[in-house]
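**Student:** structure for this input, please:
(chains A, B, C and D)
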2 protein chains.
Amino acid sequence: MALRETRAAPRLTVDCVVFGLDDADLRVLLVERANPPFRGMWALPGGYVTVGEDLEAAARRELREETGLDRVFLEQLYTFGAPGRDPRGHTVTVAWFALVKLADHAVRAATDARDAAWFPVSDLPPLAFDHGGILEVALARLKGKVRYQPIGFELLEERFTLTQLQRMYEAILERPLDKRNFRKKVLSLDLLEELPEVQRDVAHRAARLYRFDRAAYARMQERGIDFEI
Amino acid sequence: MALRETRAAPRLTVDCVVFGLDDADLRVLLVERANPPFRGMWALPGGYVTVGEDLEAAARRELREETGLDRVFLEQLYTFGAPGRDPRGHTVTVAWFALVKLADHAVRAATDARDAAWFPVSDLPPLAFDHGGILEVALARLKGKVRYQPIGFELLEERFTLTQLQRMYEAILERPLDKRNFRKKVLSLDLLEELPEVQRDVAHRAARLYRFDRAAYARMQERGIDFEI
DNA sequence: TCAAAAGTGTTAACCATACACCCATGC
DNA sequence: GCATGGGTGTATGGTTAACACTTTTGA
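**Tutor:** I've put the predicted structure just below:
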């Protein structure tokens, strides 16, 4: 079996679920389809994997080509391969989820003819293919993962306030968190570096700025210690 | 891009990491390769996905064909697609992990020419392709998942003693657990049904038998309650 | 001086951990 | 009667969760 040369094989694509945080809104990046099937509908950015191309490289290439995004946090999500998911023929897609600092890429236009836009996850248009289902899996993964791994920082700017950090967790977890307990908890983890700076140009008391301390997290991982928020 | 008919595409396979529990030993099922490349080496059971075939169905079919296993617990693990992982050409594999009651399948021979055998995960032969790496990912997933989801029961017989349950967790987590705390914890979850039966033919006090209560777990999930061991 | 958000402690309930002995059974 | 594993409770420390007011700043 291992050496058999099967003539017909499923096609292979990658699709990306890209999340961004707009104030307190979790958003996802979609592209408008320029061609059938599902012409005019919104879909996840993605496309075919070529021979000799690594899967993650394919995902990054498609993101760059279709949305202009580059150097994003990317993690494999799941592989979807139901025979009927693409009406053109059996196509297996390796789905990825990405987290970006939305401010860096706010209204960036697509580089090819299609439109790209950020939609709040709470108010999505109908999606092409099985992309609605893929997005749901991505949301569940994000929700589950953000509490145990510091991936949420990928959504924030380099420097942030504790309130911004809390809003991010609330947006992802879809529930309010207690301010005092949240601050106690995140500060006790020793993963935030307090900066000698505060917010500027706000019409109220300026908040302290913090930065995620990657080195401290690496040390924590080496010692095999978990964290949880 | 979406409609482009690319001529060359990576091949698509599935591979399965099948775990079984032998007493207090976690074991994995391997098959001996009958053909080059890596002829004579041990490898994960797997093979090509055919057009129109669901990925999970392909994994089940390969397991059945190569090892005789049927009706096993199967879950998608990760998709590996580095261009150099198969010397015959770019091949992307969707890896699955499976849990089986080893006693049911103890010395089952492979149905085609190859040999199949159970190896303790603590003492493995060198593996073909990148299968060693895939196995490591599977072990990490099993370790992480078993504490939050009742998948470990797939490794045990329908009826089991609390000591057998504890041995299973110890084998997977690779650390000893305290007997009294373990019993308190698992019984407090209300996921075990105490049976009106005890062990037979043992040279010491016979232990109470329990059964995993799937209905209770389903109710717990509906109410959105987590468990942790 | 007002509006807006920043910042801060205590208490009570719960949960995790550490730990050692007697019991039932078969040989 | 002895060897083997089965079965059981308590005390301590740490963690989570609930909860409200004062401070700072700019307009």
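**Student:** the longest strand seen in chain A to strand B:11-22, inter-axis angle?
**Tutor:** With residue count as the measure and DSSP state E as the assignment, chain A has strand A:11-22 as its longest strand. Computed by axes from the mean of the first three to the mean of the last three C-alpha atoms, to 10 degrees, the angle separating strand A:11-22 from strand B:11-22 equals 80 degrees.
**Student:** flag every buried residue along strand A:11-22.
**Tutor:** Neighbour-count burial for strand A:11-22 flags A:11-21 (criterion: 16 or more other C-beta atoms under 10 Å in any protein chain shown). C-beta: built from backbone N, CA, C; applies to glycine.
**Student:** for the next helix-or-strand element following that strand, what is the distance to the chain centroid?
**Tutor:** Stepping forward along the backbone from strand A:11-22, the first helix or strand reached (DSSP states H and E) is strand A:25-32. In terms of C-alpha atoms, centre = their mean, to the nearest Å, the centre of strand A:25-32 is found 10 Å from the chain centre.
**Student:** go on, stretch A:120-128?
**Tutor:** Per C-alpha atoms, centre = their mean, the centroid offset for stretch A:120-128 relative to its chain is 15 Å.
**Student:** in it, what's buried?
**Tutor:** For stretch A:120-128, burial by neighbour count (16+ other C-beta under 10 Å) applies to A:121, A:127-128.
**Student:** same check on stretch A:144-159?
**Tutor:** Along stretch A:144-159, the positions that meet the burial threshold by neighbour count (16+ other C-beta under 10 Å) are A:146, A:149-156.
**Student:** cool, and stretch A:201-210?
**Tutor:** Residues of stretch A:201-210 classed as buried under the neighbour-count rule (16+ other C-beta under 10 Å) are A:209-210.
**Student:** likewise for stretch A:168-181?
**Tutor:** A:168-169, A:171-173.
**Student:** tell me the pLDDT of A:Asp104.
**Tutor:** With respect to pLDDT, A:Asp104 has a value of 77.
**Student:** now, among the buried residues of stretch A:168-181, which is nearest to A:Gln76?
**Tutor:** Proximity of those to A:Gln76 was ranked by C-beta to C-beta; the top entry is A:Ile172 with 19.1 Å.
**Student:** torsion angles phi and psi at that closest one?
**Tutor:** Note on A:Ile172: its backbone torsions stand at phi -80, psi -40 [degrees, to the nearest 10].
**Student:** now tabulate the buried residues of stretch A:120-128 in CSV and tack on distance to chain B.
**Tutor:** Converted to CSV, those look like this (distance: C-beta to the nearest C-beta, whole Å):
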residue, distance to chain B
A:Val121, 19
A:Leu127, 14
A:Ala128, 9
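**Student:** so which of those are in helices?
**Tutor:** Secondary structure from DSSP state H places none of the buried residues of stretch A:120-128 in helices.
**Student:** ok, back up a step: now for the buried residues of stretch A:144-159: which two are most distant?
**Tutor:** Pairwise distances across the buried residues of stretch A:144-159 peak at 14.6 Å for A:Gln149 and A:Leu156 (criterion: C-beta to C-beta).
**Student:** what does the residue in chain A that DNA strand D sits nearest to show for phi and psi?
**Tutor:** DNA strand D sits closest to A:Arg205 of chain A, with a gap of 2.7 Å, by C-beta to the nearest atom of the strand. Reported as degrees, to the nearest 10, the phi and psi values for A:Arg205 are phi -50, psi 130.
**Student:** how close does it get to B:Tyr148?
**Tutor:** Relative to B:Tyr148, A:Arg205 is positioned 41 Å away (C-beta to C-beta, to the nearest Å).
**Student:** and A:Leu142, what are its phi and psi?
**Tutor:** A:Leu142 has phi and psi values of phi -60, psi -50 when expressed as degrees, to the nearest 10.
**Student:** OK, contacts around it?
**Tutor:** With contacts taken as C-beta atoms under 8 Å, 6 or more residues apart in numbering or on different chains, A:Leu142 has the following neighbours: A:19, A:97, A:151, A:172.
**Student:** check these against DNA strand D, which are close?
**Tutor:** Filtering the contacts of A:Leu142 for proximity to DNA strand D by C-beta under 7 Å from any atom of the strand leaves nothing.
**Student:** rewinding a little: report the separation between the residue of chain A closest to DNA strand D and chain B.
**Tutor:** As defined by C-beta to the nearest C-beta, to the nearest Å, A:Arg205 lies at a distance of 37 Å from chain B.
**Student:** per-residue pLDDT, that residue?
**Tutor:** Model confidence at A:Arg205, given as pLDDT, is 95.
**Student:** is DNA strand C contacted by stretch A:154-162?
**Tutor:** Yes. Remark: stretch A:154-162 sits within contact range of DNA strand C at A:161-162, by C-beta under 7 Å from any atom of the strand.
**Student:** could you dump the contacts of A:Leu142 to CSV with pLDDT?
**Tutor:** As requested, the contacts of A:Leu142 are arranged in CSV below (pLDDT from 0 to 100):
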residue, pLDDT
A:Phe19, 97
A:Phe97, 97
A:Ile151, 97
A:Ile172, 97
